[in-house]
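J.: Quick one, fold the following:
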Amino acid sequence: QVQLVESGGGLVQAGGSLRLSCAASGSIFSINTMGWYRQAPGKQRELVATESTGVRTDYADSVKGRFTISRDNAKNTVYLQLNSLSPEDTAVYYCFAQGWARGCPRPSCDYWGQGTQVTVSS
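T.: So this is what the prediction gives:
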């Protein structure tokens, strides 16, 4: 099993910044992709940013140029720097990891964190 623990959410004024962190722990053999999704009230969960090891980084169009994803592969940790925040960024942000760990019946399984609330006031 893999546990993903997020931190760094909170309340910030429009134009402000936050930094989210997510650390993966457990009997992990390898992690291919880590990233962030978000879900605003009444909306579907959407991709924010993901980074695949040594392959590519993807961002939602709505956050390009404002958010930056980074990883510390040695620590199985992913970060999301959120700049120039707007009220439209208010959502629960979920950490995501795709990889192989003890108990995964396939070469790759998806894992999710519990989510951290980001609220941007106008």
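
J.: residue nearest the centroid of this protein?
T.: residue 36 (2.3 Å; C-alpha atoms, centre = their mean).

J.: Surely that one touches residue 97?
T.: No. Using C-beta atoms under 8 Å, residue 36 is not in contact with residue 97; the gap is 10.6 Å. C-betas here are computed from N, CA, C, even on glycine.

J.: Which neighbours do those two have in common?
T.: Common neighbours of residue 36 and residue 97 (criterion: C-beta atoms under 8 Å, 6 or more residues apart in numbering): 22, 78.

J.: could you check the distance from the residue nearest to the centre of the chain over to residue 29?
T.: 23 Å (C-beta to C-beta, to the nearest Å).

J.: Next: residue 71.
T.: Taking C-beta to C-beta, one finds residue 71 at 17 Å from residue 29.

J.: and those two? which has more neighbours close in?
T.: The neighbour count for residue 71 versus residue 29, taken as other C-beta atoms under 10 Å, is higher for residue 71 (19 against 10).

J.: can you give me the offset of the host helix or strand of that one from its chain's centre?
T.: Using DSSP states H and E, residue 71 sits within strand 67-72. Here strand 67-72 is found 9 Å from its chain centre; the criterion is C-alpha atoms, centre = their mean, to the nearest Å.

J.: which other helices and strands contact whatever helix or strand comes next after it?
T.: Proceeding N to C from strand 67-72, the next assigned helix or strand is strand 77-82, under DSSP H and E. In this structure, strand 77-82 makes packing contacts with strand 18-26, strand 28-39, strand 46-52, strand 67-72, strand 91-101, judged by 3 or more C-beta pairs under 8 Å, 6 or more residues apart in numbering; DSSP states H and E.
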